[in-house]
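J.: model this:
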Amino acid sequence: QVQLVESGGGLVQAGDSLRLSCAASGDTFISYAMAWWRQAPGNEREFVAAISWNGGRTYYGDSVKGRFTISRDNAKNLVYLQMNSLKPEDTAVYYCAASRGYESGNLYDEYDVWGQGTQVTVSK
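T.: Predicted coordinates for the structure are as follows:
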């Protein structure tokens, strides 16, 4: 089973950009579709974006469409989330998740493995 470690979170101002990274190890990376989720205090975990095993298809949550971009580098076993035009409501812990298979969507139960999360805080 793959293991996931997120990095790149931090404190930024509204309108700034930030790039998150997720490093995968321990299994064949291309066996997994990958995604980013987030969870703000008191809220349920929210789907952010997903990417197919070869990067050919991407899928975004409505709240981040046009601002966030998911990508992956299969040679380096990395997944990225480029976040632009950040808003205070983007403040959350961001989680990387893996789903065994070619593609995945926005259902929590699709995902087999989760990282420990990285905090993103956007100030006004």
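
J.: give me the number of residues near the residue nearest to residue 123 when sequence neighbours are not counted?
T.: Nearest non-adjacent residue to residue 123, counting by CB to CB, 6 or more residues apart in numbering: residue 13, 5.4 Å away. From N, CA and C alone the C-beta is placed, and that goes for glycine too. Residue 13 has 10 neighbours, counted by other CB atoms under 10 Å.

J.: same check, this time on the one 10 residues further on
T.: The local packing of residue 23 (other CB under 10 Å) involves 16 other residues.

J.: Would you check that it makes contact with residue 80?
T.: No: using CB atoms under 8 Å, residue 23 makes no contact with residue 80, being 10.5 Å away.

J.: I figured residue 47 hits residue 62, correct?
T.: No: Residue 47 is beyond contact range of residue 62, at 9.6 Å (criterion: CB under 8 Å).

J.: So between those two, which is more surrounded?
T.: The neighbour count for residue 47 versus residue 62, taken as other CB under 10 Å, is higher for residue 47 (23 against 8).

J.: As a check, name the ranges of all strands in the chain.
T.: If DSSP state E is used as the criterion, the strands of the chain fall at 3-7, 10-13, 18-25, 32-39, 46-51, 58-60, 68-73, 78-83, 92-100, 113-114, 118-123.

J.: tell me, what's touching residue 47 and residue 62 both at once?
T.: By CB atoms under 8 Å, 6 or more residues apart in numbering, residue 47 and residue 62 have no common neighbours.

J.: Next one: the residue nearest the centre of the chain from residue 124, what distance?
T.: By CA atoms, centre = their mean, the chain has its centre lying nearest to residue 36, at 2.1 Å. Per CB to CB, to the nearest Å, residue 36 is found 23 Å from residue 124.

J.: what does residue 16 give?
T.: Residue 16 is 12 Å from residue 124, by CB to CB.

J.: Comparing these two, which residue is more hemmed in?
T.: When residue 16 and residue 124 are compared for neighbours, residue 16 comes out ahead with 14 against 6, by other CB under 10 Å.

J.: any idea how far the more buried one lies from residue 79?
T.: Counting by CB to CB, the gap from residue 16 to residue 79 is 21 Å.
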